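Colleague: Sequence and predicted model, in that order:
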Amino acid sequence: MAHERLIVPIFIPHEGCPYRCVFCDQRDITGVRAKADREAVEKALHAYLRSGSPLPAYREAAFYGGSFTGLSQARQEFLLSLVQPWIDSGELHAVRLSTHPLFIDDEKLDLLKHYRVETVELGVQSTDPGVLDLSGRPCLLDEIRLAAESVKRKRFNLGLQLMPGLPGDNEETFRKSADDVVRMRPQFVRLYPTLVIRGTALHRMYLERKFVPWDLESMVERLKYAVLKFNGAGIQVARVGLPPDPSLLENLVAGPFHPALRYLVESRICLDWMAAQLKARTGGAGSAIFKVPSKYVSNYTGHKRENVGKLKAMFRLEDVKFVADESLISPALVC
Ligand code: SF4
């Protein structure tokens, strides 16, 4: 079955960006080295939209990998104008892009509006001044807030990205970043754990023992806090973790990479919920049965039934069973 929304990614690695964030080498993350020209953009659009496969109802072109609004106006207009005929023909519906909060003002946003951009994603990464400073991002929380406000005031969909585990980041600073993002009320967030990529400044810091990435267990626990916060505030979590692209895997040196990080976080949330239910139940039956929504059964059982093993050990249970129910929205402990 086709997904509801198709995003055609057009990479503009590092374009428009005068900065050097310590973690960034967009060319290695995206695997794209050439500057996007007419041919490259057309090629991407053809590959995604005219492949002959059934297409989702809503289709967008996305300029990712650089600071789009940091580009010269001429370059922005050139790139945006390439996708306009595809919108006119109905093959695309809108445009989305990512950029740096320091490159947002009303004039830039008006230009984007003119070219039918609907969604603007801002790289926040952290709201802690110390973390941002150590990460080579000269940006203040007030400037991030102002940019987020402007994007919403001009009626774009706002997306915010966070990178847990940057230099100087810890559980407390990351929680504060997540709380600050909730207060900015974006439509969605993306959570990208900090990884050490070959050739970046962070790689040097890692080799010189000036940076230690978070381990996978800490990352999962801390992401759990953020995901629960965003879920509770009705903010969509569009992504947790980087996709396992060959270019990323080739250049990954260290850090809490996992191809199914979101699943690990969600199944940990389910484990906590089940443990709380069992703790609160009266009577000490030797088994437990949970009724769970069909499509989330594996989130409850956990990777390789890890949650089952943990619950058995925590509550001295002989058996933990799951009844899948398609009509169910919320889970329940049956007995
Ligand atoms: S602002 Fe974005 S593109 Fe520029 S160095 Fe930082 S992460 Fe890379």
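Modeller: Yep, it's here.
Colleague: longest strand anywhere in this protein?
Modeller: strand 117-125 (DSSP state E).
Colleague: Quick one: name whatever helix or strand follows that one.
Modeller: helix 129-134 (DSSP states H and E).
Colleague: helices or strands up against that next one?
Modeller: helix 171-183 (3 or more C-beta pairs under 8 Å, 6 or more residues apart in numbering; DSSP states H and E). The way it works is simple: take the backbone N, C-alpha and C, and place the C-beta from them, glycine included.
Colleague: what's whatever helix or strand comes next after the helix it packs on packed up against?
Modeller: Using DSSP H and E, the helix or strand that follows helix 171-183 towards the C-terminus is strand 188-191. On a contact count with 3+ C-beta pairs under 8 Å, 6+ apart, strand 188-191 meets strand 157-162, helix 216-232, strand 236-240.
Colleague: Out of the ones you listed, flag the one nearest the ligand.
Modeller: strand 157-162 (9.4 Å; C-beta to the nearest ligand atom).
Colleague: quick revisit: now for the helices and strands packed on strand 188-191, which one comes closest to Val308?
Modeller: helix 216-232 (17.7 Å; C-beta to C-beta).
Colleague: and for the closest one, what are the contacting residues?
Modeller: 162, 164-165, 171, 174-175, 178-179, 181-182, 189, 191, 193, 214, 236-237, 240, 256, 258, 261, 264-266, 268-269, 272 (C-beta atoms under 8 Å, 6 or more residues apart in numbering).
Colleague: Which residues in it does the neighbour count mark as buried?
Modeller: Ser218, Met219, Val220, Arg222, Leu223, Lys224, Tyr225, Ala226, Val227, Lys229, Phe230 (16 or more other C-beta atoms under 10 Å).
Colleague: now, among the residues you listed, which is nearest to Lys295?
Modeller: Distances from Lys295 to the buried residues of helix 216-232, taken by C-beta to C-beta, are shortest for Val227, at 17.3 Å.
Colleague: Can you give me the end-to-end span of stretch 326-335?
Modeller: Start-to-end span of stretch 326-335 (C-alpha to C-alpha, to the nearest Å) is 19 Å.
Colleague: Not counting that stretch itself, show me its contacts.
Modeller: Contacts for stretch 326-335 (C-beta under 8 Å, 6+ apart): 270, 273-274, 277-278, 281, 285, 288-294, 296, 300, 323.
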